[in-house]
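Q: I'd like to go over a predicted model; first the sequence, then the structure.
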Amino acid sequence: MEAQTNSLGSTQPVPSFVSSRSQTSSRSDVCAKFVTTTAGGRTEAITLSVGKPVTIGRNPAVWVQSSTGGIIVSCQDLSTNGLILNGHKIRKASAIVMHGDTFKIPASQSFQCILKWKHLHERHENHVPQPSPSQAQSYKDLGRFIITSHCLGSGSYATVQLALDVTGHQQAACKIIRRKEGSDLRKEMKEATLLMNLDHPNINRVYAVDSDPEFLYIMLELCTGGDLFTYITTHSRHRLCEGEAKYIMYQLLKALKYLHDRMISHRENILLFSPGPYPRIQIADFGLARPKAYQETLHVCGTISYLPPEGILALEHKHLGYVGMPADCWSAGVTLFAMLT
C-alpha cells in the first residue's frame, strides 16, 4: 500500500513516510497523523492514508510497503542532516515509526505520530516477557544497541523487538530467544554463528550477539518493507509484473547460490529491505537453516506449501528424508509461481 505527502516548506529535504495494512477493512483510509506546532503556536496535523505516500520537505518520493496484521508506518530519511527520532539520530536509513513516537527535523519542527489503526493481529506470547506500558521506549541497554519495548513480531520460540543502533544512527531488529534450562549456549548460537559468517546484500545481516542467563539476543539488520508474500498479495493486481518478478528472482537465486556454495540450506523467510517497487530482498530468519545441506535430513521443517514432493512424503513417512539444497530450489520455483500468478 502507498502513501504520499505534502511539503511544510522546510528548508531541507526530510523524511518520506509510507503506511501499509493487512487485508482488514476500516471506515477511513486515514491510518496515522503527524501532529506539530508551528512557529506561530498553531497545532497542525499531516494525515497519512493508505494509497497516498507522504513526503515532508523538498524531495517527494513514492514508496510501497506491505506487512502482516495491522499497519506499519515507515520513514525513509532523504535529508543531508538526518532526523531525530525519540531523541536519537537517524541518518540515511529507513525506520519504523510507532504510535507515540516523536521525530524532529534538525533546526525545524517536531512531530508526534498518532496511529489511528492498531495492530489487529499482534500476539503477545507468554514465553518471552513483554515490558510494561511504563517502559515506553527503553527496554534493555546492551551498549551500542538499545532494545525498545516495541514488538515487531513473535513466533513459537522467539520475539523480535525494535532496537536502536546508537553508533550507526539507525534502527535494528533484536531477536530475543529464551534459553532452555541447562541448554548448551554454543548450540543456541547456531543461527547467530551462521549469520555472522555471511556477507551478501540479499542475506539479512547480524550485527552482534549477546546473552544472559535467561535470553539470547541477536541484533539484526532491520527490514522495513514487510515480507514478500504479503507484498504480492496486497499488490493492486495480486501478482507482480514479469520484470519485477524477474528482478526479485535474480536476487533470490544469487543469495541461494551464495548459501549453497557454503553448503547451507535455508528453508525460511524472504523480507523486503525497504518499501518501494522493485524491492531489494533479503533472506532472513535462519532458525531453520541447515549446515552440511548436501546430507539427507529426517527433520522436515518449513512452510508446507513450499516443500518439495519428497518433503511432503517425509511428513507422512518418518523414516524417509530429503536433501536441503534441492528443496531450496523447489521452494524458489514456488515463490516465482506465486509472484507471477
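A: Here it is on my side, so go on.

Q: using CSV, write out every CA atom in the helix or strand containing residue 33.
A: According to DSSP states H and E, residue 33 maps onto strand 30-37. Output of strand 30-37 as CSV, limited to C-alpha atoms (Å, rounded to 0.1, in the frame of the first residue of the first chain):
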residue,chain,number,x,y,z
VAL,A,30,-6.5,7.7,7.3
CYS,A,31,-4.3,5.4,9.3
ALA,A,32,-2.0,7.9,11.1
LYS,A,33,-1.4,11.5,11.6
PHE,A,34,1.7,13.6,12.4
VAL,A,35,0.9,16.4,14.8
THR,A,36,3.2,19.5,15.0
THR,A,37,3.1,23.0,16.4
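
Q: who does that strand touch, helix- and strand-wise?
A: If you count contacts as 3 or more CB pairs under 8 Å, 6 or more residues apart in numbering; DSSP states H and E, strand 30-37 packs onto strand 15-21, strand 43-49, strand 71-77, strand 110-115. (Glycine included, C-beta is placed from N, CA and C.)

Q: run the last query once more with 10 Å
A: strand 15-21, strand 43-49, strand 71-77, strand 102-104, strand 110-115 (3 or more CB pairs under 10 Å, 6 or more residues apart in numbering; DSSP states H and E).

Q: break down the stretch 201-341 of the chain into its helices, ranges please.
A: With helices called from DSSP state H, counting those that start in this stretch, the stretch 201-341 of the chain shows them at 228-233, 242-261, 309-316, 324-340.

Q: ok, which of those helices comes nearest residue 100?
A: Of all the helices of the stretch 201-341 of the chain, it is helix 228-233 that lies closest to residue 100, at 24.8 Å by CB to CB.

Q: list the buried residues for that closest one?
A: Neighbour-count burial for helix 228-233 flags 228-232 (criterion: 16 or more other CB atoms under 10 Å).

Q: could you identify the helix or strand that succeeds the helix or strand that contains residue 150?
A: Using DSSP H and E, the element containing residue 150 is strand 145-154. Counting by DSSP H and E, the element after strand 145-154 in chain order, helix or strand, is strand 158-165.

Q: and that next one, what's its mean pLDDT?
A: Averaged across strand 158-165, the pLDDT comes to 90.

Q: partners of it in the sheet?
A: strand 145-154 (antiparallel), strand 170-178 (antiparallel) (DSSP bridges).

Q: among the ones you listed, which is the most enclosed?
A: Mean neighbour count (mean count of other CB atoms under 10 Å) peaks for strand 170-178 among those, with a mean of 23.

Q: report how many residues lie close to residue 311.
A: Residues contacting residue 311 under the criterion other CB atoms under 10 Å number 24.

Q: brain fart, residue 247
A: 17.

Q: with the one 5 residues further on instead?
A: Per other CB under 10 Å, the neighbour tally for residue 252 reads 23.

Q: what's the answer for residue 211, then?
A: 15.

Q: same check on residue 88?
A: 17.

Q: also the one 3 residues further on?
A: By the measure other CB under 10 Å, the count of residues near residue 91 is 13.

Q: got the domain boundaries for this structure?
A: In terms of domains, the chain is parsed into 15-115, 138-221, 228-340 (source: automatic domain parsing).

Q: rewinding a little: quick check, nearest of the buried residues of helix 228-233 to residue 82?
A: residue 231 (27.5 Å).

Q: isn't that closest one up against residue 279?
A: Yes. Shown here, residue 231 and residue 279 form a contact pair, counting by CB atoms under 10 Å, at 7.1 Å.

Q: so how far is residue 235 from residue 332?
A: 19 Å (CB to CB, to the nearest Å).

Q: next one: residue 316
A: For residue 316, the distance to residue 235 - CB to CB - is 35 Å.

Q: which one's more surrounded, those two?
A: Taking neighbours as other CB under 10 Å, residue 316 and residue 235 compare with residue 235 leading, 17 against 8.

Q: count of neighbours near residue 238?
A: Residue 238: 9 neighbours (other CB under 10 Å).
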